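Chemist: the following comprises the amino acid sequence and a computationally predicted model.
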Amino acid sequence: MDKFFEYDAVEWNGDKTGVKIIDQTLLPKEEKFLILRTPEQVYEAIYKLRVRGAPAIGVAAAFGLYVSLLPVEGEMDHFTAEFRRIKQYLFSSRPTAVNLGYALERMESCFKKNIALGLEGIKKALLAEAEAIKNEDVQMCRAIAENGLTLMRPGVRIITHCNAGHLAVSRYGTALGPIHLAQQRGLNPRVWVDETRPLLQGARLTAYEMVKNGVDATLICDNMAASVMARGEVDMVFVGCDRVAANGDTANKIGTMSLAVLAKHFGVPFYVLGPSSTIDRNCATGADIVIEERGASEVTDFDIKVFNPAFDVTPAELITGIVTEKGIFRPPFGFGIEK
Ligand code: MRU
């Protein structure tokens, strides 16, 4: 499983003074790497979806906060003010994915814990914390892949939405992790790839990953999912998540809820896959999740009013199971209560 991609979505540059990302807006046509060194560059990369996917955004923000602070010297008060300013700025880049705030909060706790060490000691600790956030995500994704694999049998036909794969996380993927693993273990999964309007994360990014790993995948437009389900050609749905409320309501890429409704209608199991860090116990239900709205230019250049929400919330009652690194949770979810 280690080798199917030669790079991760978020890495260090050689001397760890920059965040190296592949520009996902250019995939699959061009593999162009960028080195981000300033808060503005990191913000722009997250906002413009050059790096995207809930866990990858969190790692990019943690790495980005660290490299942005590298040139900051002087009194501790000044460093503290800069830390807070950059953290808040990066936090404002996208609202829905829980991982962004999770990673930045961890960096702040690390800063506070190590404040007595002085600037050099603090920076060293922040570097280690950013790496720990990524490494933990790698381990969680690996475990999600193994847990998701238990749901699959040879030749299983899965439909997925958006890109919850290697590009969206630290390594392997969440919804696509078990699929990559199944392919490597000879289960020959067959995947329906939703194009995912308006920014085509499915048609561009999931398609790229499937082809790169040799998975038997077929691209469909979003409005074709009902048709393939009606033909009896879908065994299960695998999707990722940006924020899971305590009751199991799940925010993910716009269009996910439509798939869930269809799956219910056609009796197809609907699974959400994500690290437990995506569960937000402070969010009682999906109604508490802030949904990002994006610009009209992503949808049209014609002069008409546009509504462009980036995510929707799938009600818990449409979800068959939530696959995390800890196992597969079945309804009723109740993540507010420690299980
Ligand atoms: O707008 P995006 O491309 O960041 O949306 C990504 C998704 O909706 C993913 O499914 C989600 O972040 C899970 S990634 C493992």
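Modeler: Arrived safely.

Chemist: ranges for the strands of the chain?
Modeler: Remark: strands assigned in the chain by DSSP state E are 10-12, 19-22, 33-36, 157-160, 190-194, 216-220, 236-239, 243-245, 250-253, 270-273, 279-280, 311-314, 321-324, 327-329.

Chemist: not counting its neighbours along the chain, what's nearest the residue of the stretch 151-300 of the chain found nearest the ligand?
Modeler: The ligand sits closest to G240 of the stretch 151-300 of the chain, with a gap of 2.8 Å, by CB to the nearest ligand atom. In short, each C-beta sits where N, CA and C put it, glycine included. Distances taken as CB to CB, 6 or more residues apart in numbering place A164 nearest to G240, at 2.6 Å, with adjacent residues excluded.

Chemist: I'd say the one you found and D242 touch.
Modeler: No: counting by CB atoms under 8 Å, A164 does not reach D242; the two are 9.6 Å apart.

Chemist: list the residues that contact both of those two?
Modeler: N252 (CB atoms under 8 Å, 6 or more residues apart in numbering).

Chemist: contact partners for V211?
Modeler: 28, 217.

Chemist: and if you look at A62?
Modeler: 103-104, 106-107, 129-130, 133-134.

Chemist: now Q139
Modeler: E325.

Chemist: how far away is it from L262?
Modeler: Distance, Q139 to L262, using CB to CB, to the nearest Å: 33 Å.

Chemist: go on, T314?
Modeler: T314 is 11 Å from L262, where distance means CB to CB.

Chemist: more crowded one of these two?
Modeler: Neighbour comparison, T314 and L262: the larger count goes to T314, with 26 against 21 (by other CB atoms under 10 Å).

Chemist: mind listing what I144 touches?
Modeler: Going by CB under 8 Å, 6+ apart, the list of residues near I144 reads 172, 174, 177-178, 273-275, 323-325.

Chemist: now do 10 Å
Modeler: By CB atoms under 10 Å, 6 or more residues apart in numbering, the contact list for I144 reads 164, 169, 172-175, 177-178, 181, 240, 273-276, 323-328.

Chemist: buried ones among these?
Modeler: 164, 169, 172-175, 177-178, 181, 240, 273-276, 323-325, 328 (16 or more other CB atoms under 10 Å).

Chemist: next, count neighbours for the nearest residue to I22 once chain neighbours are set aside.
Modeler: With sequence-adjacent residues excluded and distances taken as CB to CB, 6+ apart, I22 is closest to F33, at 5.6 Å. Using other CB under 10 Å, F33 has 11 neighbouring residues.

Chemist: do L119 as well
Modeler: The tally of other residues near L119 (other CB under 10 Å) stands at 15.

Chemist: that one and F79 touch, don't they?
Modeler: Yes: assessed by CB atoms under 10 Å, L119 is found in contact with F79 at 6.0 Å.

Chemist: can you list residues touching both of the two?
Modeler: Residues touching both L119 and F79 (CB under 10 Å, 6+ apart) are 69, 72-73.
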